[in-house]
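**Q** Need coordinates for the below:
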Amino acid sequence: MNITEILPGIHYVGVNDRTTTRFEGLWSLPQGVSYNAYLVADEKVALIDTVEEGFGSRLTENIREAIGYRKIDYLVINHMEPDHCSAIADILALHPEVKLVG
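**A** The predicted model follows:
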């Protein structure tokens, strides 16, 4: 897994994609791209952004590694491009009570 604890309770849970070769079909990505998602775990748990849909299972594995089986209270989506939001369904499947914040 690719879990990094940035500060106590704040984890990078994103995914590195080494297979995508172009960003939005235009710009070359010779080293791939990272989908940056962060988990803030305190009294409540907030997930900030998701990842590209094909990497949703890796995101959920990373979350599980970071916080175990705690529930996610909030899912914050910064904007609606697929690299930020297309794994929302994966999160809702595991955490149907999550509150979406956009």
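**Q** Name the nearest residue to Y35, ignoring sequence neighbours.
**A** Residue nearest to Y35 in three dimensions, not counting chain neighbours: V51, with 3.7 Å by C-beta to C-beta, 6 or more residues apart in numbering. (Each C-beta comes from the backbone N, C-alpha and C, glycine too.)
**Q** My error: substitute T21 in the last question.
**A** Setting aside the residues directly before and after it, T21 is nearest to L29 in space (C-beta to C-beta, 6+ apart), at 5.7 Å.
**Q** That neighbour: neighbour count?
**A** Burial of L29 is recorded as 13 neighbouring residues (other C-beta atoms under 10 Å).
**Q** quick one: low-confidence parts of the protein?
**A** Scanning the chain for pLDDT under 70 picks out the ranges 1-2, 84.
**Q** mind listing the strands for the chain?
**A** 4-7, 10-12, 15-17, 22-23, 27-28, 33-35, 38-41, 45-48, 74-76, 99-101 (DSSP state E).
**Q** Figure out how far the fourth one is from the centre of its chain.
**A** In other words, strand 22-23. The chain centroid and the centroid of strand 22-23 are separated by 19 Å under C-alpha atoms, centre = their mean, to the nearest Å.
**Q** Pull the residues that contact that strand.
**A** With C-beta atoms under 8 Å, 6 or more residues apart in numbering as the test, strand 22-23 has contacts from 28-29, 33.
**Q** Please report the distance of the residue positioned nearest the centre of the chain from A41.
**A** For the chain, the residue sitting closest to the mean C-alpha position, by C-alpha atoms, centre = their mean, is T50 at 3.1 Å. With the distance defined as C-beta to C-beta, to the nearest Å, T50 ends up 16 Å from A41.
**Q** hmm, back to that, now the residue nearest to T21: phi and psi?
**A** phi -130, psi 80 (degrees, to the nearest 10).
**Q** residues in contact with it?
**A** With contacts defined as C-beta under 8 Å, 6+ apart, L29 is in contact with 20-23.
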